[in-house]
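*Asks:* Could you work out the structure for the sequence below:
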Amino acid sequence: MTWGQAKPRALSPALTETLEGLQKASNALPWGERHDAEIQMIRGLLSSNEANTHSLGQSALTRLLDRLALPETTKEEEVRSPPPPEQPTRNPMQRYSNVSEVPLALAVFLASDNYDYNDDPHTISATTLLKPLRQVILPSRLAPGDGLVNLADMMNNRMGSAIHDGIERAWLNNHEAAMTSLGFPKRVVDSIKINPSPAVLAAREAEGMNTIPIYLEQRLSRKLGKWTITGKFDFVGEGRVQDFKSTGVWTYKNQVNNSKYTWQGSIYRWLDPKMIHQDEMDIHYIFTDWKAGMQRSDPAYPPRRFHKQSFPLLSLGETQQFIERKLGLIEQYWDAPEEEIPECDAEDLWRSEPVFKYYKNPQKMLRATKNFEDKQDAMLRYVEDGSVGIVKEVPGQVTACKYCPAFAVCTQKDALISSGDLLMN
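*Replies:* Numbers count the residues shown, from 1 in each chain. Presented below is the predicted three-dimensional model:
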């Protein structure tokens, strides 16, 4: 395909007039608040002969009209009810919303998903098994267009994927030079074999050669009744499974995912106990918001931008029982009414701990005298001050709902918003 040969689509008089009105409105704004570049981008999208690109232009135009608060008659007559050739249509393959808010140079990166999905309804991954039931079942009930993900929200996910890809490439393409520069002797470097097959390992053993097998990003699978369980680990070295987690310091300090890490590693070992035979796994945290010097005032703060933590694995029998129990619940509730599906618990919701606010003067409640993590400590301060104040408990906030694919159809989320436990601002 040769770019630039197709003749641009001619804009309708209504769209041309709308764009001119936008430009006039933009010109009236202070220089730093103008939208000239965005208007130029929209004009280019609307001039495209590609239906999907043209549709993106229509969506971007509507949003810009809303932001500039142009008269409703303009928007209704010229955009929302345009002549049939200009009718906006949603691309059925579209997965992301608010696309125009992200520069195209970055948007392609954020929209690139290299996960190896499997459409078999009876194939389920270790990651899915660890999700709460509502997050497993409800996304399948979304109406077309309801499950679009805000493109800008993909930044953390894509940064994590980029780190994983970089680690894998380093081991695949440069481990010999890197290990030599790290001071490892040649005999150790030569013994490293990346993703060796059983035949290669057997041949080297028969020849009396020492081998340190390293496995990277391998997807394992195992049948269990009608189900196929899969799992793709990050790294296995000498029979020990290791996972890389790019995350915020809060996740580590509060140890919110400990049980999930244990189950994740245990399922990986259950999938291939010959490859993964050690009884512990390692989590390598790579912190995205680490700040130097914080550990001096906070003893729980990690001393470096990265940190290793080990977790014990459960037995193969316990792991299989967990998998069978979770599969049974998925089958039991798959077609059940939404209100009958068990609700997410505090761990699933990433609920923070409650805060106990002590106010020495009940007449001045704008700011607490002191905040306590423990109610007993708050009440002790209350007594020490002569029992004249007041202690108010502020329930812990939940945040997981904001990132859940079932957000649009989940009534538990609605109840949490109504109660104030889930703040959407």
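*Asks:* next helix or strand past the helix or strand of the chain with the lowest mean pLDDT?
*Replies:* Counting by mean pLDDT, DSSP states H and E, the chain has its least confident helix or strand at helix 72-75, which shows a mean of 39. Per DSSP states H and E, the first helix or strand lying C-terminal to helix 72-75 is strand 96-97.
*Asks:* Can you spell out which helices and strands pack onto that next one?
*Replies:* Contacts defined by 3 or more C-beta pairs under 8 Å, 6 or more residues apart in numbering; DSSP states H and E place strand 96-97 against strand 149-150. Just so you know, the C-beta spots here come from the backbone N, C-alpha and C atoms, and that holds for glycine as well.
*Asks:* got the contact list for the strand it packs on?
*Replies:* 95-98, 405 (C-beta atoms under 8 Å, 6 or more residues apart in numbering).
*Asks:* let's see it at 6 Å
*Replies:* Here strand 149-150 makes contact (C-beta atoms under 6 Å, 6 or more residues apart in numbering) with 96-98.
*Asks:* Now render those as CSV, adding distance to residue 36 and pLDDT.
*Replies:* Below are the contacts of strand 149-150 laid out as CSV (distance: C-beta to C-beta, whole Å; pLDDT from 0 to 100):
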residue, distance to residue 36, pLDDT
96, 25, 86
97, 24, 83
98, 20, 84
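*Asks:* Put the buried members of the residues you listed into a PyMOL selection.
*Replies:* Selection of buried members from those for PyMOL, criterion 16 or more other C-beta atoms under 10 Å:
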select buried, resi 96+97
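*Asks:* out of the contacts of strand 149-150, who's nearest residue 108?
*Replies:* residue 96 (11.2 Å; C-beta to C-beta).
*Asks:* Name all residues that make contact with that closest one.
*Replies:* 111, 149, 151.
*Asks:* and it, bridged to which residues?
*Replies:* residue 149 (DSSP bridges).
*Asks:* Relative to residue 110, how far out is it?
*Replies:* 8 Å (C-beta to C-beta, to the nearest Å).
*Asks:* what touches both of the two?
*Replies:* residue 151.
*Asks:* how far away is the residue of the chain most remote from its centre from residue 360?
*Replies:* Computed with C-alpha atoms, centre = their mean, the residue of the chain farthest from its C-alpha average is residue 386, at 48.6 Å. According to C-beta to C-beta, residue 386 stands 9 Å off from residue 360.
*Asks:* Got the domain ranges for the chain?
*Replies:* Following automatic domain parsing, one gets these domains for the chain: 13-91, 153-333, 355-419.
*Asks:* residues touching residue 126, list them.
*Replies:* By C-beta under 6 Å, 6+ apart, residue 126 lies in contact with 231, 264, 267.
*Asks:* what's the closest non-adjacent residue to residue 171?
*Replies:* residue 216 (5.6 Å; C-beta to C-beta, 6 or more residues apart in numbering).
*Asks:* is it true that the one you found touches residue 170?
*Replies:* No - between residue 216 and residue 170 there is no contact under C-beta atoms under 6 Å: 9.8 Å.
*Asks:* Show me which of those two is the more surrounded one.
*Replies:* residue 216 (19 against 13; other C-beta atoms under 10 Å).
*Asks:* What values do phi and psi take at the more buried one?
*Replies:* Phi and psi for residue 216, reported as degrees, to the nearest 10, are phi -130, psi 130.
*Asks:* now do residue 284
*Replies:* Main-chain torsions, residue 284, degrees, to the nearest 10: phi -100, psi 100.
*Asks:* Hmm, it is touching residue 308, no?
*Replies:* Yes - contact status for residue 284 versus residue 308: in contact at 5.5 Å, counting by C-beta under 6 Å.
*Asks:* out of these two, which sits in the busier spot?
*Replies:* The neighbour comparison of residue 284 against residue 308 (other C-beta under 10 Å) goes to residue 284, with 16 against 10.
*Asks:* Not counting sequence-adjacent ones, nearest residue to that one?
*Replies:* Spatial nearest neighbour of residue 284, excluding adjacent residues (C-beta to C-beta, 6+ apart): residue 244 at 4.9 Å.
*Asks:* can you pull the contacts of the one you found?
*Replies:* 164, 234, 284.
*Asks:* Include pLDDT when you put those into CSV, please.
*Replies:* Formatted as CSV, the contacts of residue 244 follow (pLDDT from 0 to 100):
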residue, pLDDT
164, 95
234, 97
284, 98
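*Asks:* on that earlier part again, identify, from the contacts of strand 149-150, the entry nearest to residue 222.
*Replies:* Of the contacts of strand 149-150, the one sitting nearest to residue 222 (C-beta to C-beta) turns out to be residue 96, at 33.6 Å.
*Asks:* Relative to residue 286, how far out is the residue nearest to residue 284?
*Replies:* 6 Å.
*Asks:* And residue 261, by the same measure?
*Replies:* 15 Å.
*Asks:* ok, the two, which is more surrounded?
*Replies:* residue 261 (20 against 17).
*Asks:* Just confirm that one contacts residue 311, I think it does.
*Replies:* Yes - assessed by C-beta under 6 Å, residue 261 is found in contact with residue 311 at 5.1 Å.
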